[in-house]
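Undergrad: Attaching a predicted model along with its sequence, questions to come.
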Amino acid sequence: MDTPDIKTLVRERYGSIAAAESCRAPAPSCCAPTSTPDAKAKARAMGYSEADVDAVPDGANLGLGCGNPGAIAALRPGETVIDLGSGAGFDCFLAAKAVGPTGHVIGVDMTHEMLAKARANAIAIAADNVEFRLGELEHLPVADNTADVILSNCVINLVPDKEQVFREAFRVLKSGGRLAISDVVNTVTLPADLCGDADLICGCVSGAAPAAKIEAWLSAAGFTGVVVTVKPESRAMIADWAPGRGVEDFVISAFIEGRKP
């Protein structure tokens, strides 16, 4: 599938999710109905605490993602954070609490419906240290050397040019800045019926890259201390994304870390 087609497909899918107020995807995806049917239960299954899921406004947590990037971010008061693919703002609002009033959080998303939802959520809780910007991850609407930390939760796999995303991440990080990303990685070559499935492209399966390739892209972009840590326990969660199709045999959730020298 061509890059413009993939972007259109992803934009329409996640726009419809935002407009539906909750995750009710009609086809297999990382937000399809699972054995943990509500968004809070899904978030807990991804590694968020009860306090996390209760700390955000209603509608910010759509049950999307494949992990909790905040768990490896070690956010500190006063830091500036960028969330790549910020959706309705779940990780942004948690980050805003961690960095406090002297910190700043920027969410970037290419989906108008998600941005509208996130901005409404921010207004509802008077989150003055959070803003949301329209943009694609390959061309971030952020100045050089802005962020201390970059977060992302199961979004980079949706982008055709992942190498460019990592170059942009490097550009907008300050010296010493760090990545804290949760995403899926490919462990075994996908068969043709999975690789070309449009629903699985949107569903965080078909677009996953191997860990070795991600490490190479990050190193080429300039990152040091690159580590990709796979999470074997995520296979049960991933199996629910496309029941009966065995996708858990081909992709797995992982934490991706690196630092700008």
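TA: Perfect, I can see it now.
Undergrad: Pull out the buried positions in the longest strand anywhere in the chain.
TA: Counting by DSSP state E, the longest strand found in the chain is strand 173-186. Within strand 173-186, the residues that count as buried by 16 or more other Cβ atoms under 10 Å are 173, 177-186. C-beta: built from backbone N, CA, C; applies to glycine.
Undergrad: Closest one to C195 out of those, please.
TA: N186 (9.9 Å; Cβ to Cβ).
Undergrad: thinking the closest one is in contact with C204, fair?
TA: No. Contact between N186 and C204 fails when scored by Cβ atoms under 8 Å: they sit 11.1 Å apart.
Undergrad: Overlap of the contact sets of those two?
TA: Residues touching both N186 and C204 (Cβ atoms under 8 Å, 6 or more residues apart in numbering) are V251.
Undergrad: Tell me how far T187 lies from E248.
TA: Per Cβ to Cβ, to the nearest Å, T187 is found 10 Å from E248.
Undergrad: For the most centrally placed residue in the chain, give me its contacts.
TA: By Cα atoms, centre = their mean, the chain has its centre lying nearest to N153, at 2.2 Å. By Cβ under 8 Å, 6+ apart, N153 lies in contact with 64-69, 83, 85, 91, 181-183.
Undergrad: give me phi/psi at the closest residue to it other than its chain neighbours?
TA: Leaving aside its chain neighbours, N153 sits nearest to G65 (4.0 Å; criterion: Cβ to Cβ, 6 or more residues apart in numbering). G65 adopts backbone torsions of phi 120, psi -180, taken as degrees, to the nearest 10.
Undergrad: you'd agree G65 is up against S182?
TA: Yes. Using Cβ under 8 Å, G65 is in contact with S182, at 6.6 Å.
Undergrad: what do these two both touch?
TA: The contact sets of G65 and S182 overlap at 46, 153-154 (Cβ under 8 Å, 6+ apart).
Undergrad: Pull the CA coordinates from stretch 150-158 and hand them back as PDB.
TA: Only the C-alpha atoms of stretch 150-158 are listed here, as PDB (Å, rounded to 0.1, in the frame of the first residue of the first chain):
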ATOM      1  CA  ILE A 150       9.800  12.200  23.900                       C
ATOM      2  CA  LEU A 151       7.000   9.800  24.700                       C
ATOM      3  CA  SER A 152       4.900   7.700  22.200                       C
ATOM      4  CA  ASN A 153       2.500   4.800  22.700                       C
ATOM      5  CA  CYS A 154       2.000   2.400  19.800                       C
ATOM      6  CA  VAL A 155       1.900   5.000  17.100                       C
ATOM      7  CA  ILE A 156       5.300   4.900  15.300                       C
ATOM      8  CA  ASN A 157       4.400   1.500  13.800                       C
ATOM      9  CA  LEU A 158       1.500   3.300  12.000                       C
END
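Undergrad: as a whole number, average confidence for it?
TA: For stretch 150-158, the mean per-residue pLDDT is 96.
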